[in-house]
Structures are given as C-alpha cells and as structure tokens.
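Colleague: any chance you could fold what I've pasted below:
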Amino acid sequence: MKFNTKVIHGNQHHEKVTGAVMPPVFQTSTYVQTSPGKPIGDYEYSRAANPTRQALEDALASIENGARGLAFSSGLAATDCLLRMFKAGDEIIAMDDLYGGTYRLFTRLYKDSGIKFHFVDMNDLAKFQSLINENTKLVWVETPTNPLMKLADIQEIAKITKKHKLLFAVDNTFATPYLQKPLDLGADIVMHSATKYLGGHSDVIAGALVIKDKTLGDELHFKQFATGATLGPMDSFLVLRGIKTLHLRVQRHCENGMKVAEFLSNHPEVDNVFYPGLPDHPFHDIAKKQMSGFGGMVSFTFKSGKMQDAISFLEKIKVFTLAESLGGVESLANHPTLMTHASIPEEKRLEVGITDDLVRLSVGVEDIDDLLADLEQAFR
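Modeller: Residues are numbered from 1 along each chain as shown. Sure, this is the predicted structure:
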C-alpha cells in the first residue's frame, strides 16, 4: 500500500462480530476466561492489551513501517518507557535543541538515575562521535526541532549508530510519517506526541513508540505493561480516527506553512524566520533529502529583539489561538520562553537560540487569506 491508503487501511480490520467499519471503543478493563488462565483470544486485562488500542498500535506500525507500535498516555510517557531500558552508568547523546518537556525529563527526573546525558549539535558529526564511548547506549534526535526547526541528517547519524551498535531514536512529531520515515532512514525507534498531528484535532493527549525490531518492541511492551502508562480505549479511538485523515491535513498544513513563512520573510517587523522550506534555511538541503514536504511549523523573531513586541503580537491575534501544543486543524501561536520551553534554564535557551522575542506558529488548515490577514493586523 502507498501511504494515503495505509493511513486508512494499513493493518486495519473490520470488527469481527458486527462487521463495524471503525473499531469499536472497547470500554472494558477485563475479559472473561473459559477456564483459569484460558482467556478468549489474546485479551486478559486492558493494561496489557485492549482491542481499540491494539487497532491503533497496528496502524502506527503500518504508517511508520515498523514491526510494533505502542500507544501511551502521552508523548512523555512514551519517552519515559524508552528510558527505562537503561541503567546507572549508561550514557545517552541527545540533540541540543529539544522540546522543553523532553529536556526536563532528561535533566530533572533522571538527574539522580546515574544515567548521563550529553547534549550536542547533531550537525557537528565529529563532535557527536567524540562523545561516544563504551557506556553510550542511545542517541536521541528530534528533527525538525521544537521550536527552532533545526534538522539532523538521519541517514548519516544512523551510519554512526550502526557502526557503534547504538540504539537510535527519532522524535518524528513535527514531520509526521507523511513527510518523513525515520525507520526507513536507519533509525531503530520513532517517538510521537500523538497529541499533535496524529490526533490532529486538539482533543486528546497521547504518545507513541514505533519499533523497527520485533524483539525490542516486545521488550518495550513489557515495560509499558509493567509501568502502566497505556492509552485508554476512547483516546485510542480518537487518535486512530485522526490518522485516517493525516495525509489530507498535513498536505494543507504544508501549503499554508510555506505561505506563512514567505509572508513573514518579507515583513518589515520580522528578523529571522525558521522554516525548513525556505531556500535560505540552513538545513533546507537536509529537509529536501529526507522529507517529502516541510510541515506547518514556523517560528520567527522580531527586528526589535524585544519580548514585549512578541507578547503584544500574541495578544492581538484573532484567527490564530494563543495556546500551547500544536498540530491541530486550528492555527495556534506560542511564546516558547514563557510557555512550552519555560522549564529550560535561560542560559540554555539562549545557548541554542531560543530568544525572548521568538514566536512559534502551528499553522492550521484554515483559509490562507484569513491567516495572513490575521498576522498582518496583529503586526499593525
């Protein structure tokens, strides 16, 4: 199947009893057994498996070309499950520009775990390789990054991780499998905040891991089952519903994102625009190499460099909504310093380029003329 067919039919089956086209919401915690230890089918207890969640996990594996998909109660729960693979003394190399919640998880919740984290510009492959030693176990990359739209060359990094026999995980939230397939490019694990584009309607909190190797997938499923951060059946249904229109939505996100980025690039109030689809973006060539489109996420700064100008702009938008999160059908605007990345220390934010005048836009699927008019009136 090609992708547009996969999102609707990949690993999906009509419900066996009634023939329901969409998997029902199996709102149950447990399942009858015919004799002790002999359940009907593969379901015993919904923390281990639930038919609605299984349908979603099968769909996730299909669209990312993986062996196993796992659905979690949030993207951070998915990341935390992966981190439970490691022990004191292990080392993890991560990209220096990360979602604030990921950075907080790495540096604050795991600070006393004995696991050592290194943060590095993944485009400096020599520096990245210099950090690898016998204790290195995982490489974590986010591409494009939140909020600076930095990219990393997945294929080149995969060559290095395979040489050193390291696990390689990619946060594919911003790109989605419609635009980028990390497992095909050499990664071992893909993570999604399924709250975002996979769900697509700002009505669910969910996360996902998709694993290339079945044995590793089974090991991560055990950790998911044992720790319990699974996705409920109703939320699983909502994400599965969202996936079925992923290709349609992301195509419009890309179209609108490019037009917003071009508008901002020509605006007299704007200094820098961060969007991989622009020819002058420093990672434009990588984007063309490993992505089939450039997405709907755009960040920009003001020529004044003043936080107050960013705040004033965000207070005046009307079609764009001032709110955290991203990837929904509606356009959202965010101030990373005060909102999504507030948990990152100021010196670290400034080191990677998250300035106080930075605004991040999640460009939705509305009429582009309305979006551009809203941006213009907010500037004016």
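Colleague: thought N135 was touching K116?
Modeller: Yes. The criterion here is Cβ atoms under 8 Å, and N135 meets it with K116 at 7.4 Å. (Glycine included, C-beta is placed from N, CA and C.)
Colleague: shared neighbours of these two, anything?
Modeller: Residues touching both N135 and K116 (Cβ atoms under 8 Å, 6 or more residues apart in numbering): 90-91.
Colleague: ranges for the strands of the stretch 1-150 of the chain?
Modeller: Taking DSSP state E, counting those that start in this stretch as the criterion, the stretch 1-150 of the chain carries its strands at 33-35, 38-39, 68-72, 91-95, 116-120, 136-142.
Colleague: out of the ones you listed, deepest packed?
Modeller: strand 68-72 (a mean of 26; mean count of other Cβ atoms under 10 Å).
Colleague: show me where the chain dips below the pLDDT cut-off.
Modeller: Judged by pLDDT under 70, the chain has no weakly predicted residues.
Colleague: give me that answer again for 90
Modeller: For the chain, applying pLDDT under 90 flags the ranges 16-17, 40-42, 340, 342-345, 348, 352.
Colleague: ok, and the closest non-adjacent residue to the most centrally placed residue in the chain?
Modeller: Nearest to the geometric centre of the chain sits T173, at 1.8 Å (Cα atoms, centre = their mean). Nearest non-adjacent residue to T173, counting by Cβ to Cβ, 6 or more residues apart in numbering: S193, 4.7 Å away.
Colleague: with E351 instead?
Modeller: E351's closest residue in space is D96 (Cβ to Cβ, 6+ apart), at 7.8 Å.
Colleague: tally of neighbours for that neighbour?
Modeller: Neighbour count of D96, defined by other Cβ atoms under 10 Å: 20.
Colleague: quick one on the thing from earlier: so the residue nearest to the centre of the chain versus G277, what's the distance?
Modeller: Using Cβ to Cβ, to the nearest Å, we find T173 at a distance of 18 Å from G277.
Colleague: equivalent analysis for A55, please.
Modeller: Separation of A55 from G277 (Cβ to Cβ) stands at 34 Å.
Colleague: neighbour-wise, which of these two wins?
Modeller: Set side by side, A55 and G277 show more neighbours around A55, with 23 against 19, by other Cβ under 10 Å.
Colleague: wait, the more buried one sits on P23?
Modeller: Yes. Using Cβ under 8 Å, A55 is in contact with P23, at 4.1 Å.
Colleague: joint contacts of those two?
Modeller: In contact with both A55 and P23: 12, 240, using Cβ under 8 Å, 6+ apart.
Colleague: follow-up on the earlier one: pretty sure the residue nearest to E351 is touching F119, no?
Modeller: Yes. At 4.5 Å, D96 counts as touching F119 under the criterion of Cβ under 8 Å.
Colleague: residues in contact with T28?
Modeller: 46, 50, 233.
Colleague: highest neighbour count among these?
Modeller: Most surrounded of the contacts of T28: other Cβ under 10 Å gives N50, at 25 neighbours.
Colleague: ok, so what distance separates that one from A20?
Modeller: According to Cβ to Cβ, N50 stands 16 Å off from A20.
Colleague: go on, Q377?
Modeller: For Q377, the distance to A20 equals 47 Å [Cβ to Cβ].
Colleague: in the stretch 251-380 of the chain, which spans are helices?
Modeller: 284-290, 307-316, 346-352, 368-379 (DSSP state H, counting those that start in this stretch).
Colleague: now tabulate the ones you listed in JSON lines and tack on distance to S74 and mean neighbour count.
Modeller: Shown next, in JSON lines, are the helices of the stretch 251-380 of the chain (distance: least, Cβ to Cβ, whole Å; neighbours: other Cβ atoms under 10 Å):
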{"stretch": "helix 284-290", "distance to S74": "26", "mean neighbour count": "17"}
{"stretch": "helix 307-316", "distance to S74": "25", "mean neighbour count": "16"}
{"stretch": "helix 346-352", "distance to S74": "23", "mean neighbour count": "14"}
{"stretch": "helix 368-379", "distance to S74": "29", "mean neighbour count": "16"}
